[in-house]
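Novice: Got a sequence here, can you build the structure:
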Amino acid sequence: MARLKGLRFIKLHIAVAISFLCVLSAPTLPLFAGNGVATSQFVNDPELNSIRLSMRDKNYSAARPLLDAFLKKKPNSPLALVYRSRCYVDENKPKEALDCLHRAAALAPANSEIYADEANIYAAQKHYQKAIVSATNSLKYGSGYSQKHMFHLRSMMYSNVGQYKKAIEDMNSYLRIDPMKHRGYSWRATAYEQDGQLDKALADYRIAIQLSKDYEYRFHSARVLQKQGKLNEAVAEMTSIIKSNPDEDEAWNKRGTLYYAMGKYKEAVKDFTQALATNFGSGETLYRARGRAYEKLGQKELAQKDFKKAEELQKKPVVEPI
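Specialist: Below you'll find the predicted structure:
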């Protein structure tokens, strides 16, 4: 499994989190939770309630014509506009979706879910500042557990515009709502790391490790430890992964890289060799790494053999594993 290192990996970590947020975007968000707008319309309008059921089941093809007909009769229904917006999201038409939400906000300006939907669309478009504004409006009018998603989204947006302290503040709020969410600690740790607060980043990654069996967090922890110059502790993190997941090629690769940095070239060669034995993708970088380790050991013939193999692999098209 290929992983990026340093700042590139941190950016990937944020990108993955944003992708996760966008998966939870408009079509799957709670519908006016706790604000009362939806409830009265469900009770008083069977037609709209029928549309709601289609939306709940993500049957957008059935909901679209019903919504269009409904909005011709009742163009000022905030809930119908939100539903239509979510259909537009499904159609990959963000401009039309936002137009519907803006109309809905003019009709129901204190409804947090309208702004939450806006924030999700802006985040997906990488319009970070606009997403921050919409998330802020959603948080202004929302309350309780429903705010968790917006604190997370706004934190990611702040990180993307370099406002790491604000990102941390939002993740603090997120974790006050859900203190047992391991990914919350990982997200906050990423912001701490970007802000240069490595001790706090490491503490959060370790909490995430305690709360989850996901060994991904040990890679993050090892990265921070390496930045701090604590190479033996970083090695221990990789060893922990290897013991429970001996086929994890990147753990072998990472530990080999750490051994190389420590001047332990024999150990590095062993780990790079094991990484090559378990690697499912291109081994070009692994051959180069092992070749450098061989060079340090004075084994020039083996080093040249690895460098030649790396060059051959570089010229070949990469075939992704199925």
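Novice: can you pull out the helices in the stretch 1-150 of the chain?
Specialist: With helices called from DSSP state H, counting those that start in this stretch, the stretch 1-150 of the chain shows them at 6-23, 37-44, 46-56, 60-73, 78-90, 94-107, 112-124, 128-141, 148-160.
Novice: Also the stretch 201-322 of the chain?
Specialist: Here the stretch 201-322 of the chain has its helices, by DSSP H, counting those that start in this stretch, at 216-227, 231-244, 249-261, 265-278, 284-296, 300-315.
Novice: Would you reformat these as CSV and include mean neighbour count and distance to residue 81?
Specialist: C-beta: built from backbone N, CA, C; applies to glycine. Listed next are the helices of the stretch 201-322 of the chain as CSV, based on neighbours: other Cβ atoms under 10 Å; distance: least, Cβ to Cβ, whole Å:
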stretch, mean neighbour count, distance to residue 81
helix 216-227, 22, 40
helix 231-244, 18, 49
helix 249-261, 23, 47
helix 265-278, 20, 53
helix 284-296, 21, 51
helix 300-315, 14, 54
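Novice: Out of these, the one nearest residue 109 is which?
Specialist: helix 216-227 (40.9 Å; Cβ to Cβ).
Novice: between that closest one and helix 249-261, how many degrees?
Specialist: If you take axes from the mean of the first three to the mean of the last three Cα atoms, to 10 degrees, helix 216-227 sits at 10 degrees to helix 249-261.
Novice: Throw the helices of the stretch 1-150 of the chain into a markdown table and include distance to residue 234, mean pLDDT and mean neighbour count, thanks.
Specialist: Output for the helices of the stretch 1-150 of the chain, formatted as a markdown table (distance: least, Cβ to Cβ, whole Å; pLDDT from 0 to 100; neighbours: other Cβ atoms under 10 Å):
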| stretch | distance to residue 234 | mean pLDDT | mean neighbour count |
| --- | --- | --- | --- |
| helix 6-23 | 13 | 46 | 15 |
| helix 37-44 | 50 | 45 | 14 |
| helix 46-56 | 47 | 84 | 16 |
| helix 60-73 | 48 | 92 | 15 |
| helix 78-90 | 42 | 93 | 25 |
| helix 94-107 | 42 | 97 | 19 |
| helix 112-124 | 33 | 96 | 26 |
| helix 128-141 | 32 | 97 | 20 |
| helix 148-160 | 24 | 97 | 25 |
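Novice: Just send those helices back as TSV, with distance to residue 256 too.
Specialist: Listed next are the helices of the stretch 1-150 of the chain as TSV, based on distance: least, Cβ to Cβ, whole Å:
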stretch	distance to residue 256
helix 6-23	17
helix 37-44	56
helix 46-56	50
helix 60-73	49
helix 78-90	45
helix 94-107	45
helix 112-124	37
helix 128-141	37
helix 148-160	31
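Novice: Which one, of these, ends up nearest to residue 303?
Specialist: helix 6-23 (25.7 Å).
Novice: quick one: which of the helices of the stretch 1-150 of the chain is nearest residue 235?
Specialist: Of all the helices of the stretch 1-150 of the chain, helix 6-23 sits nearest to residue 235, with 17.8 Å by Cβ to Cβ.
Novice: still on that earlier bit, got CSV for the helices of the stretch 201-322 of the chain, with mean pLDDT and distance to residue 106 too?
Specialist: Listed next are the helices of the stretch 201-322 of the chain as CSV, based on pLDDT from 0 to 100; distance: least, Cβ to Cβ, whole Å:
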stretch, mean pLDDT, distance to residue 106
helix 216-227, 97, 43
helix 231-244, 97, 52
helix 249-261, 97, 51
helix 265-278, 96, 58
helix 284-296, 96, 54
helix 300-315, 94, 57
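Novice: Which among the ones you listed is found nearest to residue 86?
Specialist: Closest among the helices of the stretch 201-322 of the chain, using Cβ to Cβ: helix 216-227, at 31.3 Å.
Novice: what's the distance between residue 115 and residue 157?
Specialist: 13 Å (Cβ to Cβ, to the nearest Å).
Novice: So for those two, which residues contact both of them?
Specialist: Common contacts of residue 115 and residue 157, defined by Cβ atoms under 8 Å, 6 or more residues apart in numbering, comprise residue 135.
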